[in-house]
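Novice: Provided below are the primary sequence and the corresponding predicted coordinates.
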Amino acid sequence: MRWSRYPIQTVKETPAEAEVISHKLMLRAGLIRRLAAGIYTWTPFGLRSLRKVEQIIREEMDRAGALEVLMPAVQPAELWQESGRWEQYGPELLRLKDRHQRDFVIGPTHEEVITDLARRELKSYRQLPVNFYQIQVKFRDEIRPRFGVMRGREFIMKDAYSFHASPECLQQGYDIMREAYVRMFTRMGLEFRPVKADTGSIGGTASEEFQVLADSGEDAIAVSDGPDNYAANLELAPALPPTQSRPAPSIALKKVATPNRKTIQEVSEYLKVPAQQTLKILLVQGTETRVVALALRGDHELNLIKAQKLPGIAQPITLATAEQISEATGCESGYLGPVGLTCPLYADHAALALADFVCGANEIDHHLTGVNWGRDVAEPTPADLRNVVDGDPSPGGAGHLRVRRGIEVGHIFQLGCKYSEAMQASVLDDSGKPVTMFMGCYGIGVTRIVAAAIEQNHDAAGIIWPRALAPFTVVVVPLNAGKSAAVRDQAEKLYQALEATGIEVLLDDRDARPGVKFADAELLGIPHRVVISERGLDAGTIEYRHRAAETNENWPLDEALPRLQSLLNQSEKTSS
RNA sequence: CGGGAUGUAGCUCAGCCUGGUAGAGCACUACGUUCGGGACGUAGGAGUCGGAGGUUCAAAUCCUCUCAUCCCGACCA
């Protein structure tokens, strides 16, 4: 491609709307343009990278034996009513009516459509297992789209659905997909981790997310630094109970005035006690009782997902209202404590390991010090209630956890029979009896991957594409071609020779100053750059530089093509 | 949905407080000079000041409503 034929401009100034680096660079390099909140146009350069991602996914899905389909973006409401998600999904589901006032949705996902296809087409266990996938546009009307294509409302997703006659077969299919995902993300040159995950609203049993490690990621994940390779979403990572037993009480219970000190931080500063020696109580709505109390060490955070799974707690988990708190304790949040509480009480393992701790007195402007389980309060029910923190022992058994940020680019689930049961998708087994099919579902955020790759690969000058995702492999930059016919001719010659060998090459034939061309080439992040100048040609050389390199190399002019070719062959093998 | 902020040229923003001829830089067009790290000069094109209503002799500026966008939170995967 000739740069002079590409009409989208790069920009020096960072657009005000962009916050994260990938969004800034994608706008500045002209890869995307915003049309509405969370809705973007992909320009020719950006689309090339997007297609690279899609192609890798397609190749690995095909290799894993999946069959590509293309389902409609617009789906009839009936299917969603049948699965129950018409009611469940909420305002994130974009609903619309056709001219006959019939209800439709713009698909945020395709479980219903694929299950409908499966129940019509699949009649016998002999047709199983089968895995259908598509690469297609989805729409989720996010409350708050942000970070460009990282959390857009309209986005491209690869979604796959597998059908099996038994749970064992589902497990096998799941394992095959897991391997395929590892291959894909490795080929894309991403630093990623498969992590254990919650199944969320999609439902099902086993589930793993593929997280690209990046500080700007929206997910917190707990990764072991030890040889056990443990990694889980923070929501799910268990906090192991402390190994040492609780110290014996050593001081007396005492009520102290803590006027206007409500937060753990305020109380611990005021009483000069470390936050680790304090205890906090959170009240949530219950099923058997109005409220249920949860006790945590002062410096720990409540994990909603874990708490929600405890008996007696309302789903979805909801914090008690100010009225409920007052009714249950006669007090207000900020001064709650376990002493004298009448509602059911769960205590986190770490909270239970405390002795002589500080907590609220259930009386406004007062706290208790020297509180001890067993002595001052009945022993509560122990539970894992908190988010793990840096340094916690790894549940994998070897090493310690580090909390890191990740961008979720893939998520695989063993759905089981949730949809196949609701929509009566069954096949006949070898004895002629109908069996409900077991399903797996496997998603990849295609558009998001482009942003994730940039988050992980950039510098002050711009994008540094992993080779497999670069919109072009080589950029040829003639300097002052307007003045020098030799420069023009040699650049043209090299460009055509590269094209002829199938290398994706961009010729910067714009009538621009050298500084502009260098800056744009770096912003756009093309891995290999060849500069052709009068100065170099006089010496019989061209100049080569890798985007990630610090210095230039001078190559003899006639070696440019063969050396580039061997370089690219090499990097193809190492995928870098 | 709660809290905060912003809408002025394609982009980044000034002007608003204290009402009185709509501005700058980048980008764009033409010409000239320049040409290895985002050049310079001259000339030029480009704006219903988000929209509606109100106050006023006069509104980008003050008031009311509305729409949109961004940030924080809750929400979602």
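Specialist: Yep, it's here.

Novice: okay, CA-based contacts and neighbour counts for the rest of this
Specialist: Will do.

Novice: quickly check: the host helix or strand of A:Val113 near RNA strand B or not.
Specialist: Per DSSP states H and E, A:Val113 falls inside helix A:111-121. No: interface with RNA strand B: helix A:111-121 contributes nothing (Cα under 7 Å from any atom of the strand), its closest point being 12.0 Å away.

Novice: can you name the residues bridging to the closest residue to A:Glu379 other than its chain neighbours?
Specialist: Beyond its immediate neighbours in the sequence, the residue positioned closest to A:Glu379 (Cα to Cα, 6 or more residues apart in numbering) is A:Trp373, lying 5.7 Å away. Under DSSP bridges, the beta-bridge partners of A:Trp373 are A:Val377.

Novice: quick one: low-confidence parts of the stretch 101-250 of chain A?
Specialist: By pLDDT under 70, the low-scoring segments of the stretch 101-250 of chain A are A:199-205.

Novice: tell me where it has strands.
Specialist: For the stretch 101-250 of chain A, the strands identified by DSSP state E, counting those that start in this stretch occupy A:103-106, A:130-139, A:154-164, A:192-196, A:207-213, A:219-224, A:231-233, in order along the chain.

Novice: neighbours of the nearest residue to A:Ser83 once chain neighbours are set aside, how many?
Specialist: Computed as Cα to Cα, 6+ apart, the closest residue to A:Ser83 that is not its neighbour in sequence is A:Ala422, at 5.6 Å. Burial of A:Ala422, expressed as a neighbour count using other Cα atoms under 10 Å, amounts to 14.

Novice: and the stretch 401-550 of chain A, which of its residues are near RNA strand B?
Specialist: Near RNA strand B, the residues belonging to the stretch 401-550 of chain A are A:408, A:411, A:461, A:479-480, A:483, A:512-520, A:522-523, A:531-536, A:543 when assessed by Cα under 7 Å from any atom of the strand.

Novice: and the residue of the stretch 401-550 of chain A found nearest RNA strand B, what does it touch?
Specialist: Using Cα to the nearest atom of the strand, the point where the stretch 401-550 of chain A gets nearest to RNA strand B is A:Gly515, with a distance of 2.9 Å. Remark: with contacts taken as Cα atoms under 8 Å, 6 or more residues apart in numbering, A:Gly515 is in contact with nothing.

Novice: from A:Ala521, how far out is it?
Specialist: Remark: distance between A:Gly515 and A:Ala521 (Cα to Cα, to the nearest Å) = 10 Å.

Novice: go on, A:Glu499?
Specialist: Summarising the geometry, the distance separating A:Glu499 from A:Ala521, computed by Cα to Cα, is 18 Å.

Novice: between the two, who's got more neighbours?
Specialist: Neighbour count, other Cα under 10 Å: between A:Glu499 and A:Ala521, A:Ala521 has more, with 25 against 14.

Novice: quick revisit: phi, psi of the residue nearest to A:Ser83?
Specialist: phi -60, psi -30 (degrees, to the nearest 10).

Novice: same question for A:Ile464.
Specialist: The phi and psi values for A:Ile464, taken as degrees, to the nearest 10, are phi -130, psi 90.

Novice: over to the one 3 residues further on?
Specialist: Dihedral angles of A:Arg467 (phi, psi; degrees, to the nearest 10) stand at phi -50, psi -40.

Novice: could you report the neighbour count for it?
Specialist: Taking other Cα under 10 Å as the definition, A:Arg467 ends up with a neighbour count of 22.

Novice: output the worst-scoring helix or strand of chain A on mean pLDDT as CSV, nothing but the C-alphas.
Specialist: The helix or strand of chain A with the lowest confidence, counting by mean pLDDT, DSSP states H and E, is helix A:322-329 at a mean of 83. Extracted in CSV, the C-alpha atoms of helix A:322-329 (Å, rounded to 0.1, in the frame of the first residue of the first chain):
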residue,chain,number,x,y,z
ALA,A,322,-29.5,2.4,56.9
GLU,A,323,-33.0,1.6,58.3
GLN,A,324,-32.2,-2.2,58.4
ILE,A,325,-28.9,-1.5,60.2
SER,A,326,-30.6,0.7,62.7
GLU,A,327,-33.4,-1.8,63.3
ALA,A,328,-30.9,-4.7,63.8
THR,A,329,-28.4,-2.9,65.9
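
Novice: so which bits of it are buried?
Specialist: The neighbour-count check on helix A:322-329 (16 or more other Cα atoms under 10 Å) flags A:Gln324, A:Ile325, A:Ala328, A:Thr329 as buried.

Novice: adjacent strands (with direction) for the helix or strand that it is followed by?
Specialist: Secondary structure here is assigned by DSSP H and E; on that basis, the next helix or strand after helix A:322-329 toward the C-terminus is strand A:345-348. Paired strands of strand A:345-348, with direction, are strand A:291-297 (parallel), strand A:381-383 (parallel) (DSSP bridges).

Novice: contact partners for the most centrally placed residue in chain A?
Specialist: Closest residue to the average C-alpha location of chain A: A:Glu408 at 1.3 Å, with Cα atoms, centre = their mean. With contact taken as Cα under 8 Å, 6+ apart, A:Glu408 is in contact with A:Glu209, A:Phe210, A:Gln211, A:Val212, A:Gly217, A:Asp219, A:Gly445.

Novice: which one of those residues sits in the busiest neighbourhood?
Specialist: Going through the contacts of A:Glu408 with other Cα under 10 Å as the criterion, the one with the most neighbours is A:Gln211, at 28 neighbours.

Novice: my guess is it meets A:Arg404, correct?
Specialist: No: checked against Cα atoms under 8 Å, the pair A:Gln211 and A:Arg404 is beyond contact range at 10.2 Å.

Novice: residues touching A:Gly370, list them.
Specialist: Contacts of A:Gly370 were listed using Cα under 8 Å, 6+ apart, and they are A:Pro249, A:Ser250, A:Ile251, A:Ala252, A:Leu253, A:Lys254, A:Ala355, A:Asp356, A:Phe357, A:Val358.
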